[in-house]
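1. Model the following, please.
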Amino acid sequence: TKPRSFVCFVCLFVIMAMQVDHSDGAHLPEFLRAPPAAISASLGVPADQIRLVLCLVAAIPLGVVHRVLPTAQIKHVMSLTMGVFFCWYVMGWSGAFHPFMSSTVVYLICLAAPAKRTGVLTLAFVMTYMFASHIYRYITDFGGWHIDYTTSQMIISVKMCTFAYNFADGQQLNAGEKLSERDATHKMRSSRAILQLPSLLEYYSFIFFYGGIIAGPCFEIKEYLQFHDGTLYRQAGLKSYPSSLGATLKAVGHALVVYVGVFLAGKYPHMYMAEDEFFEGTTFWYRFGYMWLATSLFRFKYYFAWYMSEAGCIAAGLGFNGRDEEASKAAGRDVWKWDRVNNVTWWKCEGAYNLPMLTNNWNKGANNWLKNYVYFRVSPPKALAKVVPHAMFCNIVTKLISAIWHGVYPSYYLFFVSAGLMAALETRMRQIFQPMFYKIIELTDTKSGRKTKKYTPRSAVGEYFYLAAAWFLHFLMMNYLGTAFAVLRVDWALRIWRGVFYYFHVIFVAFVVVDKLFLPKKSRKRRQKEQTKKQE
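-> Below you'll find the predicted structure:
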């Protein structure tokens, strides 16, 4: 009887998930649909985006309630229940069904697969599911920005991959195996590993946690379980979580600041660049200035969502990250860090003067996944290992997975390929110009043998000039390329680029020609040695 009931329940859930969910909230009862619809009509903002923001706001008081619940089990029930409700409220039944179905498959993989194959099998399944989901969206909502189940699926894809690898690492530790030849990597992976499979309640609570299911952030299963059982605060020598009111208000404050950019983005919409009016009777400088402004403002909606979701996590206690030693010493009292689930540092993104600085401060949870669970985990098959360098293979696979995770719009791939050219250009320019403004000294750690570089500015004025020029050049290129990501269509992106005379690609080709024909052909190592000798 029980198996039949379960099969009937799954079939019913599938039927509900296959119903067409409308962004106006047609799947909701009237008392839940009407308020966001009224706000939508008043502000001119899509109703699904209003519902998403309402969930982000609601997560903050829910976090306060979460703190006072008596047991970890009750907290898990609350996390799961509210997470499923948020998915249904914003995206319809499909928003809850797909995370449930795909995460169940991953749990079964962890139960059945050999430890050394668990991570790879999960990564393959998750990315196939994500790819199929993006194909479905591409067909049913091409060029649209409606919020559907792919929104939550992107978040849990990262969670499922990290979970599978953490569990596999735990199984290897149980077997007495080392996780990496490098001690630092072994230590890092060991600190994140889980030695046994969590219960289904704990697992689904992790997947559906209401503070991160809609817009992130992504976090590790071990820290999530420690957050619920109190290990996080006990490790800091506390009997309970300290007050997070100040940290929560700080995150909300950041959200309110970046909302100015969201508001201005409504005044300067990026999709205006795809209209004929944008090109008719306008000058290069108008198109260039509008493109720079609109593409910059396009990023602020992500900042807003990430800071609001971080506020909800902090309110619940998940953001707790121990004692801030420096701040505590300066203040003469205990100062606690609340940056465990910080997903973005918006002023560092907007102030970035190279691509690594931007990516290190943008969507940090996803970057952690791509770095520690893709790049450092994959390796070329034996057939390719002899012809493709290991680092190149890992780099290609990581970029491919990142592209698939984002979507299947061809304009996305146009952006990522061009961003690769941008990264190469920035790297070569740093090699040429940085020694003019900095003294670069190569240092070697006597214990580990690890080499690092010390950059000392030759003058304060020179450093400011270099950083200002690097920042301008970086966003000159990034805001040009970002239009391809924002407008979603290759023909529109190419038309916009044509309207500003393809200036990035012209700069790239011109620099390559000048570099090959006129600049010295010294190897990188030789330039570094000569620079070191000069400084000595």
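
2. what pLDDT, on average, does the helix or strand Cys349 falls within get?
-> Assigned by DSSP states H and E, Cys349 falls within helix 346-350. For helix 346-350, mean pLDDT rounds to 97.

3. shift numbering so it begins at 572
-> That works, and once the first residue is 572, the last one we named lands at helix 917-921.

4. And it, what does it pack against?
-> Packed against helix 917-921, as judged by 3 or more C-beta pairs under 8 Å, 6 or more residues apart in numbering; DSSP states H and E, are the following elements: helix 871-887. (Glycine included, C-beta is placed from N, CA and C.)

5. Buried residues in the helix it packs on, which are they?
-> For helix 871-887, the neighbour count (16 or more other C-beta atoms under 10 Å) marks 871-887 as buried.

6. CA atoms of that helix as PDB?
-> C-alpha atoms of helix 871-887 as PDB (Å, rounded to 0.1, in the frame of the first residue of the first chain):
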ATOM      1  CA  PHE A 871      22.700  46.000 -10.100                       C
ATOM      2  CA  LYS A 872      19.600  43.700 -10.000                       C
ATOM      3  CA  TYR A 873      21.900  40.800  -9.200                       C
ATOM      4  CA  TYR A 874      23.600  42.800  -6.400                       C
ATOM      5  CA  PHE A 875      20.200  43.600  -4.900                       C
ATOM      6  CA  ALA A 876      19.000  40.000  -4.900                       C
ATOM      7  CA  TRP A 877      22.300  38.700  -3.500                       C
ATOM      8  CA  TYR A 878      22.400  41.200  -0.600                       C
ATOM      9  CA  MET A 879      18.800  40.600   0.300                       C
ATOM     10  CA  SER A 880      19.200  36.900   0.300                       C
ATOM     11  CA  GLU A 881      22.400  37.300   2.400                       C
ATOM     12  CA  ALA A 882      20.400  39.400   4.900                       C
ATOM     13  CA  GLY A 883      17.900  36.500   5.300                       C
ATOM     14  CA  CYS A 884      20.700  34.000   5.900                       C
ATOM     15  CA  ILE A 885      22.400  36.300   8.500                       C
ATOM     16  CA  ALA A 886      19.100  36.800  10.300                       C
ATOM     17  CA  ALA A 887      18.900  33.000  10.700                       C
END
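
7. what mean pLDDT does the very next helix or strand once past that helix have?
-> Toward the C-terminal end, the helix or strand that comes next after helix 871-887 (DSSP H and E) is helix 896-902. Per-residue pLDDT values over helix 896-902 give a mean of 92.

8. again, but for stretch 745-759
-> Confidence over stretch 745-759 (mean pLDDT, whole number) is 93.

9. which residues are in contact with that stretch?
-> Contact with stretch 745-759 is made by Ala686, Asp740, Gln743, Leu744, Arg760, Ser761, Ala764, Leu766, Asn943, Phe947, as judged by C-beta atoms under 8 Å, 6 or more residues apart in numbering.

10. And it, how far out from the chain middle?
-> 26 Å (C-alpha atoms, centre = their mean, to the nearest Å).

11. again, but for stretch 615-623
-> Centre to centre, stretch against its chain (C-alpha atoms, centre = their mean), the figure for stretch 615-623 is 22 Å.

12. tell me which residues in that stretch are buried?
-> Residues of stretch 615-623 classed as buried by neighbour count (16+ other C-beta under 10 Å): Pro617, Ala618, Asp619, Gln620, Ile621, Arg622, Leu623.

13. Tell me the one of those residues nearest Glu794?
-> Leu623 (25.1 Å; C-beta to C-beta).

14. what residues are up against the closest one?
-> Under the criterion of C-beta under 8 Å, 6+ apart, the neighbours of Leu623 are Val661, Ile718, Ile785, Ala786, Ala876.

15. Once you drop chain neighbours, what's closest to it?
-> Residue nearest to Leu623 in three dimensions, not counting chain neighbours: Val661, with 5.2 Å by C-beta to C-beta, 6 or more residues apart in numbering.

16. what helix or strand does that neighbour sit in?
-> Counting by DSSP H and E, the secondary-structure element that holds Val661 is helix 643-662.

17. So which other helices or strands are in contact with that helix?
-> Packing contacts for helix 643-662, counted by 3+ C-beta pairs under 8 Å, 6+ apart, involve helix 618-639, helix 664-683, helix 721-745, helix 771-779, helix 792-800.

18. Tyr1037: which of those is closest?
-> helix 721-745 (35.6 Å).

19. what's the following helix or strand after that closest one?
-> Toward the C-terminus, helix 721-745 is succeeded by helix 754-763 as the next helix or strand (DSSP H and E).

20. Strands along the stretch 872-1021 of the chain, start to end?
-> Remark: strands assigned in the stretch 872-1021 of the chain by DSSP state E, counting those that start in this stretch are 1009-1015.

21. Using CSV, write out every CA atom in the helix or strand containing Val1080.
-> Under the criterion of DSSP H and E, Val1080 resides in helix 1074-1088. Included here for helix 1074-1088 are C-alpha records, laid out as CSV according to Å, rounded to 0.1, in the frame of the first residue of the first chain:
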residue,chain,number,x,y,z
TYR,A,1074,35.9,49.0,-30.8
PHE,A,1075,36.9,46.2,-28.5
HIS,A,1076,37.7,43.8,-31.3
VAL,A,1077,39.6,46.6,-33.1
ILE,A,1078,41.7,47.3,-30.0
PHE,A,1079,42.4,43.6,-29.6
VAL,A,1080,43.5,43.1,-33.2
ALA,A,1081,45.6,46.3,-33.2
PHE,A,1082,47.3,45.4,-30.0
VAL,A,1083,48.1,41.9,-31.1
VAL,A,1084,49.6,43.3,-34.3
VAL,A,1085,51.7,45.9,-32.5
ASP,A,1086,52.8,43.3,-29.9
LYS,A,1087,53.9,40.8,-32.5
LEU,A,1088,55.7,43.3,-34.8
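
22. for it, which positions count as buried?
-> By 16+ other C-beta under 10 Å, the buried positions in helix 1074-1088 come out as Phe1075, Ile1078, Phe1079, Asp1086.

23. for stretch 699-709, same thing?
-> Within stretch 699-709, the residues scored as buried using 16+ other C-beta under 10 Å are Tyr700, Met701, Ser704, His705, Tyr707, Arg708, Tyr709.

24. Next, Lys810: secondary structure please.
-> Secondary structure of Lys810, reduced to three states by DSSP: H, G, I helix; E, B strand; the rest coil: coil.

25. In contact with it, which residues?
-> With contacts taken as C-beta under 8 Å, 6+ apart, Lys810 has the following neighbours: Tyr804.

26. Look up how far Gly890 lies from it.
-> 19 Å (C-beta to C-beta, to the nearest Å).

27. If I look at the most centrally placed residue in the chain, what pLDDT would I see?
-> Compute the mean C-alpha point of the chain, and by C-alpha atoms, centre = their mean the closest residue is Asn934, 2.9 Å away. Asn934 is assigned a pLDDT of 96 by the prediction.
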